[in-house]
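*Asks:* prediction below, plus the sequence it came from.
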Amino acid sequence: MLAISVILGRTLGPENYGIYAYCLAIINMIAIPTTFGLPEFLVRQISVYNVNKNWSLLKGLLKSSNFFVLMISLVLMGLASLGNIFFIGEQSPSYFPFFISLLLIPFVALSNLRAASLRGLGRIVLSQLPESIIQPIAFLIIFGLATLYFESISPANALSIRVVSILFTFIVGSIILTSKLPSSVKFSKAKYKIRDWLKHSSSFLIFTGLLFVLNQIDIIMLGMFQSKSSVGIYKIVATAAIFVNFVSMAVNTTVGPRMAGSHSLGNYEELQKLTTLSARLSFFGGLPIACGLIFFGYEILDFIYGDEFALGAKALSILCIGHILKTIFGPVTVLLNMTGNQHQTIKTYVAISLLNILLNFILIPLYDIEGAALATAVSQVLCDLLLTFPARRKIGITPYILNFSTK
């Protein structure tokens, strides 16, 4: 993904890259209700069904969730198209690129279900392979061919390339999931608990929407209050800052299904060990990356992306500080969600999301991209701090890195 951001940043420039990033942010927002919170629910529920060898319900869950998500995706694509026609209009530079980006919705939604299903089955590496490896490589190959055909690459061209690469990735990912399903699932008769599944997944829908507010609303609000160049620079900065969380994301993706399995078996000693190990790996793995980006951010951005994007160095430092402080409190969101305590997560996320929107509303007009970074960093750190309290009270697990009882 870094290679893609570098190539697009240098090819498109801040303003056109801002249009590209803004369209994707809107698509990510629209895609939230399409999955109805099912990806997070699938990780937990498939893990439980797999441990208990309940193959009929596992098959029913996979079939019904994919059909449900596809139908909602098509409806929302139609509604978003009408919104683009009547509320954005042809005079907007985002008009045509946004139409193209709408094609991403069903493939992104269904790919999220596939990745979650593989994670629930314990196939962690394979769950990440299509989006982390195959899709970027496909994008770069198609992009390289496009540069031979087009004199210049526009945001619409870049989004078209993304659509094609994600379609290819979706096909490969579907083949991987089919090949890794337990044979017992393939030959079992599907059973359904649709009402029960939708009831529980709806909590994850709210959580996913609130998570979007914490992670993506800054880009959308930048597009509302500042220029598309600011959006482009900030998107590059936010992408770079994510590398602080690289170890954390990898570890949490691995331990999440194991947390659900340990909790279902009542093995709280193992659950504490997993939590503490995740917290420590995330902090000490991310600290060197954060320090490098904080102290040499300007030089790195200038060298990789160019001097226009180097203006985001201060925002990069703010985001990196927020990311590394966040890891001190451990994988508290994953812990609560994988143990059936997502309602506790939602309560905190509601309050923090409102705070995040308010901070962005106040700080972006005053400080541009630095204001967006500060609003995001403060909100994310405060969110995880507050979540540590229900983790200890409801589950009896200490999520911090400083838990000396775990060796």
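*Replies:* Ah, there it is.
*Asks:* any idea how far the lengthiest helix in the chain is from the middle of the chain?
*Replies:* With secondary structure taken from DSSP state H, the chain has its longest helix at helix 342-390. Relative to its parent chain, helix 342-390 has a centroid offset of 16 Å by C-alpha atoms, centre = their mean, to the nearest Å.
*Asks:* what mean pLDDT does it have?
*Replies:* Mean per-residue pLDDT for helix 342-390: 92.
*Asks:* packing partners of that helix?
*Replies:* Judged by 3 or more C-beta pairs under 8 Å, 6 or more residues apart in numbering; DSSP states H and E, the packing partners of helix 342-390 are helix 194-225, helix 228-241, helix 313-327, helix 332-338. (Each C-beta comes from the backbone N, C-alpha and C, glycine too.)
*Asks:* list phi and psi for the spatially closest residue to residue 88 that is not a sequence neighbour.
*Replies:* Once flanking residues are discounted, residue 88 sits nearest to residue 95: 5.5 Å by C-beta to C-beta, 6 or more residues apart in numbering. Backbone torsions for residue 95, taken as degrees, to the nearest 10, come to phi -60, psi -60.
*Asks:* count of residues packed around residue 95?
*Replies:* 14 (other C-beta atoms under 10 Å).
*Asks:* also residue 175?
*Replies:* Counted with other C-beta under 10 Å, residue 175 comes out at 11.
*Asks:* now the angle from the longest helix of the chain to helix 194-225?
*Replies:* Relative orientation of helix 342-390 and helix 194-225, computed by axes from the mean of the first three to the mean of the last three C-alpha atoms, to 10 degrees: 70 degrees.
*Asks:* what's the burial count for residue 358?
*Replies:* Residue 358 has 12 nearby residues by other C-beta under 10 Å.
*Asks:* and it, how close does it get to residue 381?
*Replies:* 16 Å (C-beta to C-beta, to the nearest Å).
*Asks:* same check, this time on residue 319
*Replies:* According to C-beta to C-beta, residue 319 and residue 381 sit 11 Å apart.
*Asks:* now residue 260
*Replies:* 26 Å.
*Asks:* these two: who's more crowded?
*Replies:* Using other C-beta under 10 Å, the more surrounded residue of residue 260 and residue 381 is residue 260, with 25 against 20.
*Asks:* quick one, what contacts that one?
*Replies:* By C-beta atoms under 8 Å, 6 or more residues apart in numbering, residue 260 lies in contact with 43, 44, 47, 48, 338, 339.
*Asks:* chain neighbours aside, what residue packs nearest to the last one?
*Replies:* Pointing back at residue 339 there. Spatial nearest neighbour of residue 339, excluding adjacent residues (C-beta to C-beta, 6+ apart): residue 263 at 4.4 Å.
*Asks:* residues in contact with the one you found?
*Replies:* Counted by C-beta under 8 Å, 6+ apart, residue 263 has contacts 271, 338, 339, 340, 395.
*Asks:* at 7 Å instead, please
*Replies:* Contacts for residue 263 (C-beta atoms under 7 Å, 6 or more residues apart in numbering) come out as 271, 338, 339.
*Asks:* now do residue 237
*Replies:* 312, 315, 316, 319, 369.
*Asks:* can I get these in TSV including neighbour count?
*Replies:* Listed next are these as TSV, based on neighbours: other C-beta atoms under 10 Å:
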residue	neighbour count
312	29
315	29
316	28
319	30
369	27
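*Asks:* okay, these in TSV with distance to residue 251 next?
*Replies:* As requested, the contacts of residue 237 are arranged in TSV below (distance: C-beta to C-beta, whole Å):
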residue	distance to residue 251
312	27
315	26
316	23
319	20
369	29
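*Asks:* for those, which one is nearest residue 284?
*Replies:* Checking the contacts of residue 237 against residue 284 by C-beta to C-beta gives residue 319 as the nearest, at 19.2 Å.
*Asks:* leaving out chain neighbours, which residue sits closest to the closest one?
*Replies:* residue 241 (3.8 Å).
*Asks:* what count of nearby residues applies to residue 265?
*Replies:* Residue 265 is flanked by 13 other residues according to other C-beta under 10 Å.
*Asks:* now stretch 16-33: mean pLDDT?
*Replies:* 87.
*Asks:* thinking again about what came up before, the helices and strands packed on helix 342-390: which one's closest to residue 73?
*Replies:* helix 194-225 (14.2 Å).
*Asks:* packing partners for that closest one?
*Replies:* helix 2-35, helix 38-51, helix 228-241, helix 342-390 (3 or more C-beta pairs under 7 Å, 6 or more residues apart in numbering; DSSP states H and E).
*Asks:* centre of the chain to it, how far?
*Replies:* With C-alpha atoms, centre = their mean as the basis, helix 194-225 stands 10 Å off its chain's centre.
*Asks:* still on that earlier bit, ok, the residue nearest to residue 319 to residue 6 distance?
*Replies:* When residue 241 is compared with residue 6 (using C-beta to C-beta), they lie 15 Å apart.
*Asks:* could you do residue 173 as well?
*Replies:* For residue 173, the distance to residue 6 - C-beta to C-beta - is 25 Å.
*Asks:* which of these two has more neighbours?
*Replies:* Neighbour count, other C-beta under 10 Å: between residue 173 and residue 6, residue 173 has more, with 26 against 17.
*Asks:* give the contact list for the more buried one.
*Replies:* Counted by C-beta under 7 Å, 6+ apart, residue 173 has contacts 111, 114, 130.
*Asks:* now those residues as JSON lines including pLDDT and neighbour count?
*Replies:* Formatted as JSON lines, the contacts of residue 173 follow (pLDDT from 0 to 100; neighbours: other C-beta atoms under 10 Å):
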{"residue": "111", "pLDDT": "92", "neighbour count": "21"}
{"residue": "114", "pLDDT": "92", "neighbour count": "23"}
{"residue": "130", "pLDDT": "90", "neighbour count": "25"}
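*Asks:* can you tell me which of the residues you listed is closest to residue 303?
*Replies:* Taking C-beta to C-beta as the measure, residue 130 is the one of the contacts of residue 173 closest to residue 303, at 30.4 Å.
*Asks:* what about the closest residue in space to the closest one that isn't next to it in sequence, helix or strand, and which?
*Replies:* Nearest residue to residue 130, sequence neighbours excluded (C-beta to C-beta, 6+ apart): residue 173, at 3.9 Å. Assessed by DSSP states H and E, residue 173 sits inside helix 155-180.
*Asks:* what residues of that helix count as buried?
*Replies:* Residues of helix 155-180 classed as buried: 155-163, 165-170, 173, 176-177 (neighbour count, 16 or more other C-beta atoms under 10 Å).
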